[in-house]
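Enquirer: Model the structure of this input:
(one chain, ligands or ions: 2)
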Amino acid sequence: MDDVSVIILAAGYGTRMKSKLAKVLHHVGGAPLIEHVIRAAMEIAPPERITAVVGHQSEKVRETVGHLGIHFQIQEEQLGTGHAVLVCRDLPHHATGKVVVMYGDCPLLRGETLSALVARHREVGVAAATLVTVTLENPRGYGRIFREDGFVARVVEEKAATAEEKLVRELNSGIYCFEAEPLWPHLASIKPNPASGEIYLTDMVETLRASGLKTAPFEVPDPSETVGINNRVELAEVDGMLRKRKANALMTAGVTIERPETVSIDTWVEVGPDTIVETGVQLRGRTVVGSDCRVGSHSILEDVILGGGAVVHPFSFVRAATIESEASVGPFARIRAGVVVESGAQVGNFVELKKTRLGKGSKAMHLTYLGDSTIGENVNIGAGTITCNYDGKKKHPTLIGAGAFVGSHSTLVAPVEVGEGAYVAAGSVITEKVPEDALALGRSRQTVKDGWAKRRREGRKE
Ligand code: UD1
Ligand code: CA
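Expert: Numbering: from 1, shown residues only. Ligands and ions are numbered 1, 2, ... in the order given. Model prediction:
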């Protein structure tokens, strides 16, 4: 397919979104509309042969998807779909071969459908263009397709269609495969539509035909793939469709999803087989879940790596962290950026971890905050332990050696170190290094006054 290039039309503002943000930057399936389209295009052409035509908020679009390595071409004024393609005329990567044209607001379109379009175009052989058509019960807003001898003779835009023409159910999806050589001179010859003043890409069909060149139809079996987004109701619908598609793909690949209609999984998340995803879970961003894991109800994982056999108990929020194999976190855990929970380690309820490494087999089971900490293997962090990592100006590290035991309700004032095998007595405030194998007591000694409570009850003075 190295003769294929792709032009993505994405210059429109999308007025009906009623948004500050250009339409193609709105998210479905966890990513901007245009990213889905670019990734589908990347299945038929390398990024250096893909151009996005941008206009409204072109800088923002470039910032958002520029890392994918495609070209951007500015269309200053939105003078129609034909004009949008025409601004790409002088780009050398579109000068020869096949030029596929598609819209930036159709995120359901699969790469394999684009491949099938190019394959059909090659198969037909004699056509200067192949146009993707769909048959819909409700054709509103689409250009109607008129065939002759099995080829497309013309496309009539809804606004120009007669009542009879409007009855046609075969419609223009807006996706085309053109031969580059006839495309550019013919496109340049199209006159603006007299009613709207726009240059319509759909006029290519008749323009080619006038020169004896053919446009072949390619009817896709699943019309829902070509659905475009015009407003936020459609945005939500398409988002739901992408998530359903994602859940189905994962279930087919061996993942159990409880009540999939309640689960929200972003398009590029990976989940290994025999993992169980419970009701109401969200898996976001670039999350990679291993096999044999369990993700508990209503947990949210964003950009998380979860090793094989790891468990996230319900109602946990984990972001930009790594939970290694056989480790467990939650319920009600908050695991923040830069955390590594090493294999077999356990984080329990109401525990917050930030930029912390919890060593193999270590435990922090209850009501704890560990920030900027490095904790060795097989350490026990008692309930209510707090690392005081912030002095009001700077963050400071806490180091806890392997095998150490930190008693409940300890306060570790960073920077501070607890040596390997050391023991911190419950309720201590630790401000200085605790040497290896030592016991540190950082609290006042208990005083007992015999009979004091009884005397008080009986109203006697001390
Ligand atoms: C277009 C087709 C119609 C087809 C329908 C399918 C034409 C004239 N009509 O109509 O036959 O059934 O798509 O959805 O082509 N764009 C630009 N620059 C412009 C104009 C548009 O980049 O100057 C982009 C828009 O951002 C959008 C896409 O092209 O993503 C389609 O434009 P739109 O105006 O929505 O076309 P339709 O009227 O829907
Ligand atoms: Ca449209």
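Enquirer: Checking the host helix or strand of Ile38 against ligand 1, do any of its residues make contact.
Expert: Per DSSP states H and E, Ile38 falls inside helix 33-41. No: contact between helix 33-41 and ligand 1 is absent, the nearest approach being 9.2 Å (criterion: Cβ under 6 Å from any ligand atom). (Each C-beta comes from the backbone N, C-alpha and C, glycine too.)
Enquirer: mean confidence for that helix?
Expert: Helix 33-41 carries an average pLDDT of 98.
Enquirer: All further residue positions should be reported with the first residue as 42.
Expert: Yes, from this point I'll number from 42; that puts the last item at helix 74-82.
Enquirer: so after that helix, what's the next helix or strand?
Expert: Later in the chain than helix 74-82, the nearest helix or strand by DSSP H and E is strand 91-95.
Enquirer: How about residues contacting that following strand?
Expert: 46-52, 75, 79, 82-83, 102-103, 106, 111-116, 125-126, 128-129, 132, 134-135, 145 (Cβ atoms under 8 Å, 6 or more residues apart in numbering).
Enquirer: thinking again about what came up before, the helix holding Ile79 - contacts with which helices or strands?
Expert: Here helix 74-82 touches strand 45-51, strand 91-95, helix 99-106, strand 139-144, helix 152-165, going by 3 or more Cβ pairs under 8 Å, 6 or more residues apart in numbering; DSSP states H and E.
Enquirer: just the CA coordinates of it, formatted as CSV?
Expert: Output of helix 74-82 as CSV, limited to C-alpha atoms (Å, rounded to 0.1, in the frame of the first residue of the first chain):
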residue,chain,number,x,y,z
LEU,A,74,-12.2,12.5,17.5
ILE,A,75,-9.3,13.2,15.1
GLU,A,76,-6.9,10.9,16.8
HIS,A,77,-9.2,7.9,16.1
VAL,A,78,-9.4,9.0,12.4
ILE,A,79,-5.6,9.4,12.1
ARG,A,80,-5.0,6.0,13.7
ALA,A,81,-7.4,4.4,11.2
ALA,A,82,-5.6,6.2,8.4
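Enquirer: mind checking how far Ala63 is from ligand 1?
Expert: With distances taken as Cβ to the nearest ligand atom, to the nearest Å, Ala63 is found 9 Å from ligand 1.
Enquirer: Setting aside sequence neighbours, what's the nearest residue to that residue?
Expert: Gln98 (4.0 Å; Cβ to Cβ, 6 or more residues apart in numbering).
Enquirer: Please enumerate the helices of this protein.
Expert: 74-82, 99-106, 122-127, 152-165, 221-230, 245-251, 273-293, 493-498 (DSSP state H).
Enquirer: tell me the mean pLDDT for the fifth one?
Expert: The average pLDDT for helix 221-230 rounds to 98.
Enquirer: What residue in the stretch 142-291 of the chain comes nearest to ligand 1?
Expert: Gly184 (2.4 Å; Cβ to the nearest ligand atom).
Enquirer: Show me what the residue nearest to that residue when sequence neighbours are not counted bridges to in the sheet.
Expert: Counting by Cβ to Cβ, 6+ apart, Asn213 is the residue found nearest to Gly184 once chain neighbours are left out, at 3.8 Å. Taking DSSP bridges as the rule, Asn213 bridges to Thr174.
Enquirer: mind listing what Gly350 touches?
Expert: Taking Cβ under 8 Å, 6+ apart, we find Gly350 in contact with Gly331, Ser332, Asp333, Cys334, Ser366, Glu367.
Enquirer: low pLDDT regions in this protein?
Expert: Where the chain drops to pLDDT under 70, the residues are 42, 502-503.
Enquirer: Spell out which parts of it neighbour ligand 1.
Expert: Residues of the chain lying near ligand 1 by Cβ under 6 Å from any ligand atom: 50-53, 94, 116, 119-122, 124-125, 144-146, 183-184, 196, 198, 212-215, 241-243, 269.
Enquirer: Of the contacts of Gly350, just the buried ones, PyMOL syntax please.
Expert: Command for PyMOL that selects the buried part of the contacts of Gly350, burial taken from 16 or more other Cβ atoms under 10 Å:
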select buried, resi 331+333+334+366+367
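Enquirer: Thr154: which of the contacts of Gly350 is nearest?
Expert: Nearest to Thr154 out of the contacts of Gly350 is Ser332 (Cβ to Cβ; 30.2 Å).
Enquirer: would you list the helices of the chain in TSV and tack on mean neighbour count?
Expert: Output for these, formatted as TSV (neighbours: other Cβ atoms under 10 Å):
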stretch	mean neighbour count
helix 74-82	24
helix 99-106	17
helix 122-127	23
helix 152-165	18
helix 221-230	16
helix 245-251	20
helix 273-293	16
helix 493-498	10
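Enquirer: right, so of these, which gets closest to Lys396?
Expert: helix 99-106 (27.1 Å).
Enquirer: can you list the domains in this protein?
Expert: 45-267, 294-366+377-386, 391-503 (automatic domain parsing).
Enquirer: What's the end-to-end length of stretch 447-464?
Expert: Chord length of stretch 447-464, first to last residue, is 6 Å (Cα to Cα, to the nearest Å).
Enquirer: residues near Tyr217, how many?
Expert: 27 (other Cβ atoms under 10 Å).
Enquirer: The residue nearest the centre of the chain: what's it in contact with?
Expert: Central residue of the chain (Cα atoms, centre = their mean): Gly71, 3.2 Å from the mean position. Gly71 is in contact with Asp307, Thr308, Trp309, Val310, Arg325, Gly326, counting by Cβ under 8 Å, 6+ apart.
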